[in-house]
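need the 3D shape of this:
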Amino acid sequence: MALPVVFFGVFFAYPVAAIVARGLHADGVWQFGRIGDVLADPGIRHVLWFTTWQALASTALTLLVALPGAYVFARLDFPGKGVLRAVVTVPFVLPTVVVGTAFLALVGRGGLLDAWWGVRLDTTVWAILIAHVFFNYAVVVRTVGGLWAQLDPRQEEAARMLGASPLTAWRRVTLPALAPAVAAAALMVFLFTFTSFGVVQILGGPTFSTLEVEIYRQTSEVFDLATAAVLTLVQFAAVGLILLAHAWTVRRRETALRLVDASATARRPRGAGQWALLAGVLATAAVLLVLPLAVLVQRSFGGGLDYYRALTHEDGTFLVAPITAIATSLEYAAAATVIAVAIGGLAAAALARRDAGRLVRGFDALLMLPLGVSAVTVGFGFLIALDEPPLDLRSSWILVPLAQALVGAPFVVRTMLPVLRATDARLREAAAVLGASPWRVWREVDLPMVRRALLVAAGFAFAVSLGEFGATVFIARPDRPTLPVAVARLLGRPGDLNYGQAMALSTILMVVCAVALLVLERLRPRTASAGAADGMGEL
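Got it, this is the predicted structure:
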């Protein structure tokens, strides 16, 4: 645990504490009165209200749209299911900047809706809500569907044989078993939408602002660190409560259910109802998930290959040609993946021990905080805190991978931990009795069992590192922008050429993420025990 604790302490807790202290500590005095002043501001209260209600509305809408998809992936078997599973998951690993850009191409100025019906939804709350459903659809499908696939269908069949109607059997038998997974999925969607940044910044315009967007505005535009510090504390407290509730629901799911092999529960659709449901889910995926990405690609070729050629030339937006952001992003993501796998792997190994103390188990929940605490705060905290020896890293290239690894490490832990816990401890004990050193026990016993999970974890860490934006936008050097930062800068400048280049870069980033995800789908654990712990299902 030593290295993970030091890593999160130095590169997460310290920068966040530094920016809060910078905002609330002046002239040797703590100004806690600023908390009341900020929360009394009508504009800030409006931001808090909008952040909360849009997260609730996004969560409810996502559950409504995605639960039928969870059933289809859990209980029905049909050609192309594996490919569709990867397609459904692509939006989740895309950077929020690309998600916002895709919907801007669909519902914004000159978009598909504008061209066909003269309707524009950008700068409206509907564009934000629909984009959030697009982004979080896979969270519900993976979380609820992963558990649903492993529920024994004979329990519901027994209720039917005893005279219960299909609806009654589902309501009295299946729904109570699924309730913890539905609650966990709802909490995760709420968490992601409560801290939404890129989607709201691009689609909301100046009209709508979440806590995350307001923290960014107060930090980088208004330079009011006191207000940003207060908002960070508010967000930190809210996220902490969300994670406590999430941990409780996951605990219920792990201890209250007996699961079966998921491969034995899926069947070919039977009857008109199941075929209609499958068709409806496929249509929803086509319209909600595929269409925005297809429009994004189409807009990137609006000038033939001109937008892609323009990426190879320098202009006033960048100190280098925008195309160099591709190689820069891949280098940063690769370095971040190595760091995340090392830190997350060590943490997972410590947490998997059956004799782990309460303090170690408590660290498990803390590992999730980087996913919910403002990435903007972390990024700006890096600039403030890591500016003196021996941690003067502001001019070092490693700063960006470190920030990205903070987001990737929780994915590594959540992917590897269930597999490590499922490994029979007696195998390790037998190897130790036969004279194997701890290192050899790990190499010969644990590693062969977790190799596939390790590759999946590395893939997720790479994908999320590639798309990290909130922290990177502060610390990426002008001569070495990442793809999400380059897209945001291009969208922030007027002109069709800049807009087309943003679409082209977004398309490139989408293709890279999709390829990584298709590789992950082939590496995905196939066993029942590993299937229950499938990536985002455990998150």
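
name the element the residue nearest to Ala181 when sequence neighbours are not counted belongs to?
Setting aside the residues directly before and after it, Ala181 is nearest to Leu147 in space (Cβ to Cβ, 6 or more residues apart in numbering), at 4.2 Å. Where you see a C-beta, it was placed from the backbone N, CA and C, and this is true even at glycine. Following DSSP states H and E, one finds Leu147 within helix 125-148.

other SSEs contacting that helix?
In terms of contacts (3 or more Cβ pairs under 8 Å, 6 or more residues apart in numbering; DSSP states H and E), helix 125-148 is packed against helix 42-75, helix 81-93, helix 96-107, helix 175-194, helix 198-203, helix 528-532, helix 535-538.

can you put those in a markdown table and add mean neighbour count?
Output for the helices and strands packed on helix 125-148, formatted as a markdown table (neighbours: other Cβ atoms under 10 Å):
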| stretch | mean neighbour count |
| --- | --- |
| helix 42-75 | 19 |
| helix 81-93 | 19 |
| helix 96-107 | 27 |
| helix 175-194 | 22 |
| helix 198-203 | 27 |
| helix 528-532 | 18 |
| helix 535-538 | 22 |
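
where does the stretch 151-300 of the chain dip in pLDDT?
246-264 (pLDDT under 70).

now the helices: where do they sit in it?
Along the stretch 151-300 of the chain, the stretches classed as helices by DSSP state H, counting those that start in this stretch are 153-161, 166-169, 175-194, 198-203, 211-220, 225-256, 271-284, 291-300.

compute the inter-axis angle for the third one and helix 96-107.
For the pair helix 175-194 and helix 96-107, the angle between their directions (axes from the mean of the first three to the mean of the last three Cα atoms, to 10 degrees) equals 90 degrees.

relative to helix 211-220, how tilted is helix 175-194?
20 degrees.

what separates helix 175-194 from the chain centre, distance-wise?
Relative to the chain's own centre, helix 175-194 is displaced by 15 Å; criterion: Cα atoms, centre = their mean, to the nearest Å.

got the CA coordinates for it in CSV?
C-alpha atoms of helix 175-194 as CSV (Å, rounded to 0.1, in the frame of the first residue of the first chain):
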residue,chain,number,x,y,z
LEU,A,175,-36.5,-6.6,-9.7
PRO,A,176,-35.6,-7.0,-6.0
ALA,A,177,-32.4,-8.9,-7.1
LEU,A,178,-31.6,-6.2,-9.6
ALA,A,179,-32.3,-3.3,-7.3
PRO,A,180,-28.8,-3.0,-5.9
ALA,A,181,-27.3,-2.9,-9.4
VAL,A,182,-29.9,-0.4,-10.6
ALA,A,183,-29.1,1.8,-7.6
ALA,A,184,-25.4,1.5,-8.2
ALA,A,185,-25.8,2.4,-11.9
ALA,A,186,-28.0,5.3,-11.0
LEU,A,187,-25.4,6.6,-8.5
MET,A,188,-22.6,6.3,-11.0
VAL,A,189,-24.6,8.1,-13.7
PHE,A,190,-25.5,10.8,-11.2
LEU,A,191,-21.8,11.1,-10.3
PHE,A,192,-20.7,11.5,-13.9
THR,A,193,-23.4,14.1,-14.7
PHE,A,194,-23.0,16.0,-11.4
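
quick one: list the elements packing against it.
Here helix 175-194 touches helix 42-75, helix 125-148, helix 225-256, helix 369-372, going by 3+ Cβ pairs under 8 Å, 6+ apart.

go on, the first one?
Under the contact criterion of 3+ Cβ pairs under 8 Å, 6+ apart, helix 153-161 touches helix 166-169.

for the helix it packs on, which positions count as buried?
For helix 166-169, burial by neighbour count (16 or more other Cβ atoms under 10 Å) applies to Ala169.

then stretch 207-225?
208-219, 224-225.

how about JSON lines for those, with distance to Val407 added?
Listed next are the buried residues of stretch 207-225 as JSON lines, based on distance: Cβ to Cβ, whole Å:
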{"residue": "Phe208", "distance to Val407": "24"}
{"residue": "Ser209", "distance to Val407": "22"}
{"residue": "Thr210", "distance to Val407": "18"}
{"residue": "Leu211", "distance to Val407": "18"}
{"residue": "Glu212", "distance to Val407": "14"}
{"residue": "Val213", "distance to Val407": "18"}
{"residue": "Glu214", "distance to Val407": "21"}
{"residue": "Ile215", "distance to Val407": "17"}
{"residue": "Tyr216", "distance to Val407": "17"}
{"residue": "Arg217", "distance to Val407": "22"}
{"residue": "Gln218", "distance to Val407": "22"}
{"residue": "Thr219", "distance to Val407": "19"}
{"residue": "Asp224", "distance to Val407": "26"}
{"residue": "Leu225", "distance to Val407": "23"}
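
so Leu24 makes contact with Val230?
Yes. Between Leu24 and Val230 there is a contact under Cβ atoms under 8 Å: 7.5 Å.

who's more crowded, the two?
Per other Cβ atoms under 10 Å, whichever of Leu24 and Val230 has more neighbours is Val230, with 26 against 20.

what sits closest to the more buried one if chain neighbours are left out?
Val38 (4.1 Å).

distance of the one you found from Leu231?
Applying Cβ to Cβ, to the nearest Å, the value for Val38 to Leu231 is 7 Å.

overlap in contacts, these two.
Common contacts of Val38 and Leu231 (Cβ atoms under 8 Å, 6 or more residues apart in numbering): Ile44.

of those two, who's got more company?
Between Val38 and Leu231, counted using other Cβ under 10 Å, the more crowded position is Leu231 (27 against 22).

does that one touch Arg217 like I think?
No. Between Leu231 and Arg217 no contact is recorded; they are 10.0 Å apart, counting by Cβ under 8 Å.

OK, contacts around Pro484?
Pro484 makes contact with 95, 97-98, 198, 329, 467-469, 472-473, 509, according to Cβ under 8 Å, 6+ apart.

in what helix or strand does it lie?
Here Pro484, judged by DSSP H and E, is contained in helix 483-491.

pLDDT score for Ile128?
Note for Ile128: predicted pLDDT of 90.

separation between it and Leu244?
Distance, Ile128 to Leu244, using Cβ to Cβ: 27 Å.

which one's more surrounded, those two?
Taking other Cβ under 10 Å, Ile128 and Leu244 do not tie; Ile128 has more neighbours (27 against 11).

that one: what's it in contact with?
Ile128 sits in contact with 54, 58, 196, 199-200, 203-204, 208, where contact means Cβ under 8 Å, 6+ apart.

go again with 7 Å.
Ile128 sits next to 54, 199-200, 203-204, 208 when contact means Cβ atoms under 7 Å, 6 or more residues apart in numbering.

just the closest of the residues you listed to Glu429, please.
The nearest member of the contacts of Ile128 to Glu429, counting by Cβ to Cβ, is Val199 at 49.5 Å.

hmm, that closest one is touching Ala131, no?
Yes. At 4.8 Å, Val199 counts as touching Ala131 under the criterion of Cβ atoms under 7 Å.

now do the shared contacts for those two.
Common neighbours of Val199 and Ala131, using Cβ under 7 Å, 6+ apart, are 99-100.

low-confidence stretches in the chain?
In the chain, residues with pLDDT under 70: 246-264, 316-317, 354-358, 360-362, 365, 422-423, 517, 520-539.

re earlier: and the helices and strands packed on helix 125-148 as JSON lines, adding distance to Leu162?
Output for the helices and strands packed on helix 125-148, formatted as JSON lines (distance: least, Cβ to Cβ, whole Å):
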{"stretch": "helix 42-75", "distance to Leu162": "21"}
{"stretch": "helix 81-93", "distance to Leu162": "32"}
{"stretch": "helix 96-107", "distance to Leu162": "47"}
{"stretch": "helix 175-194", "distance to Leu162": "17"}
{"stretch": "helix 198-203", "distance to Leu162": "47"}
{"stretch": "helix 528-532", "distance to Leu162": "27"}
{"stretch": "helix 535-538", "distance to Leu162": "31"}
